[in-house]
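> I'd like to go over a predicted model; first the sequence, then the structure.
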Amino acid sequence: MTERRHDRAFVRTFFTSPTAVEGEADSAKMLRRASQLRGMQAPDVWVPDNEDATAPSMRDEGAENIIEVVAEAGADFPGEIHPRMVWHRDSPATRYQGFQHMLQIADPERGAIEHIDGFVIPEVGDIDDWKKADEFFTIVETEYGLEEGSLAMSVIIESGQAELAMGKLREEMGKPTNNLERLFLLVDGEVDYTKDMRAFTPTGELPSWPELRHNTSRGASAAGCIAVDGPYDDIRNVEGYHERMTENQAKGMLGIWSLTPGQVVEANTSPLPPKTGSWLLDVDGEQVELESVDGVELYDGDRLSLTQTDDGYELRVGGDTRLLDEDELREELHDLTSYVPSMDDIVDSMEEFEAAKEAGRGAIAMEQAATLRIGGTELSIAKDRMWDEATYQAAMTPISLFQDVYENRPDQHDELNERYGANVVERAIEVGL
């Protein structure tokens, strides 16, 4: 993985707010509400959105609202602030308007730029278009005597051109003719991407675009940026939002767009290790979380049953029934179960491996044991997992995420201590350093 170029190594949440609401006495009311978010309701990156979330007729007023609200409340906002400007790969007039708004917002005499970490550029095209945007950032910095490269640039991948451009970043970044090292977030915009690809589904819903999410995650990793998934617009479907985040996390995409403060809370907590560990049982291809009662893991459904007989055990999964002896049953349950470690479990394992490594051992076995009760029948199982340096480094990813959150979001310390306990938090901060 290429070294990150910005203070944040991880971004969990990308939260947009309209910059000007038409027909309201205070057109900046949505910005003001967002600026007051704290704790788990506050995103890692707040995006005052002067593009899609704001009507074209209101964008000049929106730029003024950004200046006013960020100048007033930006110092106390706990996340980073990256306004989204208008831009389009095929429209010089749109690019010019976005540039003028950047100049307006970045004027040090207006008091907002000292709290702004960068700008978000939508609708980028091929790599030459990314360079045009970068040059505007450099001009803004030069105009106001800001340090070159101090304003981060995030882009939204909304076209096939932009998707292909990610593959050229490594060879372009670092050339003396650009400042593309300022790139921070690569954000998927599946709605406009779908339009650009001329794609549709029978129901009219968006395609899931797993290939785009994979390519964005890969492009971000190769270029030292951070990948963020696009908006999940079924805002009441919390389970679907979690499923999407779980899929993304398996691709290395730990950030996601959030449309509401409720989604921000879900997205802020989803990539963090769980408070307690849990055992999962594969029942007809579905992972079912077992209920832990007095040290026993219970399955009480009707799609799997286990009965002890005079000759051994009868295991029924769906329509399949098998007669097994005790060793065969343990082997079968070993294959059907998996364990989701808690934060405490991960830290314990990492500390144990660090001690073993210090003692000169390159690999050790870690045991996970449980007593399962299926129906009225109990059986104990144990799993051994070999830990070596590669396993240790892989386990470090969620811990590094936690450490990054703890360092950059002091407003969440109380909630993290409440979630895990002060002792676990203290150990998690120190492990791996």
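Received, thanks. Residues are numbered from 1 along each chain as shown.

> following the host helix or strand of residue 71, which helix or strand shows up next?
Here residue 71 sits within helix 59-73, counting by DSSP states H and E. Next in sequence after helix 59-73, counting helices and strands by DSSP H and E, comes strand 80-81.

> count the residues that sit near residue 394.
10 (other Cβ atoms under 10 Å). (Each C-beta comes from the backbone N, C-alpha and C, glycine too.)

> three-state assignment of it?
With DSSP: H, G, I helix; E, B strand; the rest coil as the basis, residue 394 sits in helix.

> now residue 9
Of the three states, residue 9 takes coil under three-state DSSP.

> please name the residues that touch the residue lying closest to it once chain neighbours are set aside.
Using Cβ to Cβ, 6 or more residues apart in numbering and skipping the chain neighbours, the partner closest in space to residue 9 is residue 404 (4.7 Å). Counting by Cβ atoms under 8 Å, 6 or more residues apart in numbering, residue 404 touches 8-10.

> got a ChimeraX select line for the buried ones in those?
Buried residues among the contacts of residue 404 (16 or more other Cβ atoms under 10 Å), as a ChimeraX selection:
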select :8,9,10
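
> picking that back up, report the buried residues of the helix holding residue 71.
Going by neighbour count (16+ other Cβ under 10 Å), the buried part of helix 59-73 is 59, 61-73.

> still on that earlier bit, quick one: the residue nearest to residue 9 from residue 15, how far?
To residue 15, residue 404 is 18 Å away according to Cβ to Cβ, to the nearest Å.

> related to what we said a few turns ago, dump the contacts of residue 404 into a markdown table; add distance to residue 41 and pLDDT as well.
Listed next are those as a markdown table, based on distance: Cβ to Cβ, whole Å; pLDDT from 0 to 100:
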| residue | distance to residue 41 | pLDDT |
| --- | --- | --- |
| 8 | 18 | 88 |
| 9 | 22 | 89 |
| 10 | 18 | 95 |
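
> pick the one among the contacts of residue 404 closest to residue 142.
residue 8 (25.3 Å; Cβ to Cβ).

> the closest one: what's it in contact with?
44, 80, 226, 404, 408.

> now it: how far from residue 404?
Taking Cβ to Cβ, one finds residue 8 at 7 Å from residue 404.

> one more: residue 229?
Residue 229 sits at a distance of 18 Å from residue 404 (criterion: Cβ to Cβ).

> returning to that earlier point: narrow the contacts of residue 8 to those in strands?
Judged by DSSP state E, strands contain the following of those: 80, 226.

> quick check, nearest of the contacts of residue 8 to residue 154?
Looking across the contacts of residue 8 and measuring by Cβ to Cβ, the closest to residue 154 is residue 226, at 8.6 Å.
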